[in-house]
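*Asks:* could you work out the structure for the sequence below:
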Amino acid sequence: METATVQRETLWRNPNFLKLWTSETISQFGSQFTGLALPLTAIIILNADSTELGILTFAGTIPWLIFGLLVGVWVDRHRKKRIMVTSNILRGSILALIPIAAVLGVITKLGIPFLYAVSFLVGFLQVFFDITYQSYLPSLVHRDQLVEGNRNLQASASTAQVTGPTIAGVVISIITAPIAIAIDASSFFASAFALSRIDHEEVIEEKITKPSVLADIREGLHVVFSDKRLRMIAGSTGTSNFFSTALGAIVLLYFVLPSPDGLGVSRSLVGVTAGIIFSVASVGALIGVAISSRVARRIGVGPAIVGSMLIGGVGAIPYYLSGSLTTSPIFTLAGFSVNWSMLSIMAGQFITFIGVVVYNVNQVSLRQAIVPLRLQGRMNATMRFLVWGTIPLGGLAGGLLGTFLGLRTAIGVAVLGGSLAFLWILFSPVRSLKEIPVHLE
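*Replies:* From the prediction side, this is the model:
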């Protein structure tokens, strides 16, 4: 079923898509600051340990487990643009509390529970935005443009990941981590304004407002679990998210821990160091954007999904194998010393980012194409519940493993688990797909 607003025009001539793209570009760039500054605020300002960092990740992502399915039903019953605009305004307002507390000199008094609360509230609002966002795109573009649309939106995220972390690292070293979060808060307000300019008449079908909430949740679960392709994609993505979050929750603490237990970076340079590594590695994401459609056309969408998940998993291996990032430099880049360990981590992350982007563009496009438009919200909510629901558990597991086994061993466990996530889709019907199938509404 297509509405009159869906047209076969070039996406760059589709004003509504351009506004969605602009909004996402602004938000993605701002998010690079909080992604680095929030854990660094916990580590540097509040002296958080491994378990507390795991709880911080848990607090920001547990809303997916608690509210994900309910929000999916709610999204299908309400105007999507209004949900996204409201979410961004509220997220910007809540994040602004961190730099305000720092300026007022009360952030150390409020302590780590303050960061837990902010992270939880922002995560709660992110549930609304992200489910709505993936459900909104198919109503703005034609089915044949879904891959292109997802690719262009992913390009924004990838560009932000290339430039954002380095800029964020430098800014954090100058104005401190909590103050830098103000930049992300501002980006949410700018993103909300761009979204508010979208001129699209949303149609909410009467028949989906009648069933009970539980009936709608059951329908969303049925859509996913009755289709083995969706079921195996959920398993693969959920496994990958669990172990990548376990790694991500403790990796900055791993950076500052002295070698051989960690990577031996000083606390004053950890923001810049991590920023440079992530920015250089994120060039791989831009390559992933450029090749995602081409790879799927050449080898088939199924093999592209399987292969990219495998590549994305093994790229984290250098984290476990690397030694100190500060000894035996082989060259200096703009006054910054680079050794073989840093180069290996950059190379591994570079490969990971290529894999993640190719995987996401193709599997999200597949999901959007095979599920009816009226069920997109419930399908996306169920998928997010399953694949993002593992994130808080992964963050908590990473923190606890780091406390009880040591950070390097915890990193090794996370790397091993993530490298095996591709097995779900390897042994599924997804593997044999040559192109995205047509779904007749």
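
*Asks:* please count neighbours and contacts with C-alpha atoms only from this point.
*Replies:* Fine.

*Asks:* longest helix anywhere in this protein?
*Replies:* helix 107-140 (DSSP state H).

*Asks:* buried residues in stretch 216-224, which are they?
*Replies:* 216, 217, 219, 220, 221, 223, 224 (16 or more other Cα atoms under 10 Å).

*Asks:* in helices only, show me those residues.
*Replies:* 216, 217, 219, 220, 221, 223, 224.

*Asks:* what sits closest to the fourth one if chain neighbours are left out?
*Replies:* Leaving aside its chain neighbours, residue 220 sits nearest to residue 378 (4.7 Å; criterion: Cα to Cα, 6 or more residues apart in numbering).

*Asks:* isn't that neighbour right next to residue 69, touching?
*Replies:* Yes. Taking contacts as Cα atoms under 8 Å, residue 378 lies within contact range of residue 69: 7.3 Å.

*Asks:* anything in contact with each of the two?
*Replies:* Common neighbours of residue 378 and residue 69, using Cα atoms under 8 Å, 6 or more residues apart in numbering, are residue 217.

*Asks:* just the pLDDT for the closest residue to residue 125 other than its chain neighbours.
*Replies:* Of all residues not flanking residue 125 in the chain, residue 87 sits nearest, at 5.5 Å (Cα to Cα, 6+ apart). Residue-level confidence at residue 87 comes out at 92, pLDDT.

*Asks:* any idea how far residue 87 lies from residue 248?
*Replies:* Distance of residue 87 to residue 248, computed by Cα to Cα, to the nearest Å: 25 Å.

*Asks:* ok, back up a step: residues contacting the residue nearest to residue 125?
*Replies:* Here residue 87 is in contact with 125, 126, 128, 129 (Cα under 8 Å, 6+ apart).

*Asks:* quick one: it and residue 213, what's the gap?
*Replies:* To residue 213, residue 87 is 22 Å away according to Cα to Cα.

*Asks:* next one: residue 51
*Replies:* Look at residue 51 and residue 213: by Cα to Cα, they are 36 Å apart.

*Asks:* more neighbours: which of these two?
*Replies:* residue 51 (21 against 15; other Cα atoms under 10 Å).

*Asks:* check which helices and strands the host helix or strand of residue 311 is in contact with.
*Replies:* Following DSSP states H and E, one finds residue 311 within helix 301-314. With contacts defined as 3 or more Cα pairs under 8 Å, 6 or more residues apart in numbering; DSSP states H and E, the packing partners of helix 301-314 are helix 270-299, helix 340-370, helix 407-419, helix 423-426.

*Asks:* number of residues surrounding residue 427?
*Replies:* Close neighbours of residue 427, defined as other Cα under 10 Å, add up to 12.

*Asks:* now swap in residue 404 and tell me
*Replies:* By the measure other Cα under 10 Å, the count of residues near residue 404 is 12.

*Asks:* okay, and it sits in which element?
*Replies:* helix 390-405.

*Asks:* contact partners of that helix?
*Replies:* When contacts are defined by Cα under 8 Å, 6+ apart, helix 390-405 is touched by residues 50-55, 57-62, 238-239, 241-250, 407-411, 414.

*Asks:* inside strands: which ones of those residues?
*Replies:* Among the contacts of helix 390-405, no member falls in strands (DSSP state E).

*Asks:* among the residues you listed, the buried ones, what's the ChimeraX command?
*Replies:* The buried subset of the contacts of helix 390-405, as determined by 16+ other Cα under 10 Å, is captured in ChimeraX by this line:
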select :50,51,52,53,54,55,57,58,59,60,61,62,238,239,241,242,243,244,245,246,247,248,249,250,407,408,410,411,414
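
*Asks:* what about the contacts of helix 390-405, which are in helices?
*Replies:* 50-55, 57-62, 238-239, 241-250, 407-411, 414.

*Asks:* where does pLDDT dip in the protein?
*Replies:* For the chain, the stretches flagged by pLDDT under 70 are 1-9, 134, 143, 201-211, 334-335, 377, 438-441.

*Asks:* which residue is most remote from the mean position of it?
*Replies:* Seen from the C-alpha centroid of the chain, the residue lying at the greatest distance (Cα atoms, centre = their mean) is residue 328, 34.1 Å away.

*Asks:* which SS class is that one?
*Replies:* coil (DSSP: H, G, I helix; E, B strand; the rest coil).

*Asks:* with that, I have no additional questions.
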